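1. prediction below, plus the sequence it came from.
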Amino acid sequence: MELCSEKKGGYAATLCEHMAAIADVFPTKKSKGIYKHTIVNLMTGESKGTLVKVKQGEHLTEGLVFNYCPFCGGKLRDTSKDGE
């Protein structure tokens, strides 16, 4: 099974088969579950990767962004600081 991997300076570049099966939809404020979105820099048109987040309980309005995949353990987000 291919692991999730992050894009330098962004979010997920590749997703494992479990994460890839998640629908790419835009949730409402009251939606619950795991969601993924493609992030694009509007100034340059460059894709920053796929953001994966969970919306549930006290984090229902904005959700929490996953740094690591709960299924394969791969990195979903570049957590290094800019310039380091």
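-> Received the coordinates, thanks.
2. all strands of the chain, in order?
-> 5-6, 12-14, 33-40, 47-55, 64-65 (DSSP state E).
3. where are the low-confidence patches of this structure?
-> 82-84 (pLDDT under 70).
4. coming back round to it: nearest to A21, of the strands of the chain?
-> Proximity to A21 (Cβ to Cβ) singles out strand 33-40 among the strands of the chain, at 10.1 Å. (C-beta placed from N, C-alpha, C; glycine too.)
5. from the contact counts, what lies against the closest one?
-> If contacts are counted by 3 or more Cβ pairs under 8 Å, 6 or more residues apart in numbering; DSSP states H and E, strand 33-40 sits against strand 47-55.
6. now the strand it packs on against strand 33-40, angle please.
-> If you take axes from the mean of the first three to the mean of the last three Cα atoms, to 10 degrees, strand 47-55 sits at 160 degrees to strand 33-40.
7. can you lay out the strands of the chain as a markdown table showing mean neighbour count and distance to K81?
-> Listed next are the strands of the chain as a markdown table, based on neighbours: other Cβ atoms under 10 Å; distance: least, Cβ to Cβ, whole Å:
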| stretch | mean neighbour count | distance to K81 |
| --- | --- | --- |
| strand 5-6 | 18 | 14 |
| strand 12-14 | 20 | 19 |
| strand 33-40 | 15 | 18 |
| strand 47-55 | 19 | 16 |
| strand 64-65 | 12 | 16 |
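8. for T79, find the nearest of those.
-> Of the strands of the chain, the one closest to T79 (Cβ to Cβ) turns out to be strand 5-6, at 8.2 Å.
9. strands paired with that closest one, and their directions?
-> Looking at strand 5-6 with DSSP bridges, its partner strands are strand 12-14 (antiparallel).
10. no further questions, thank you.
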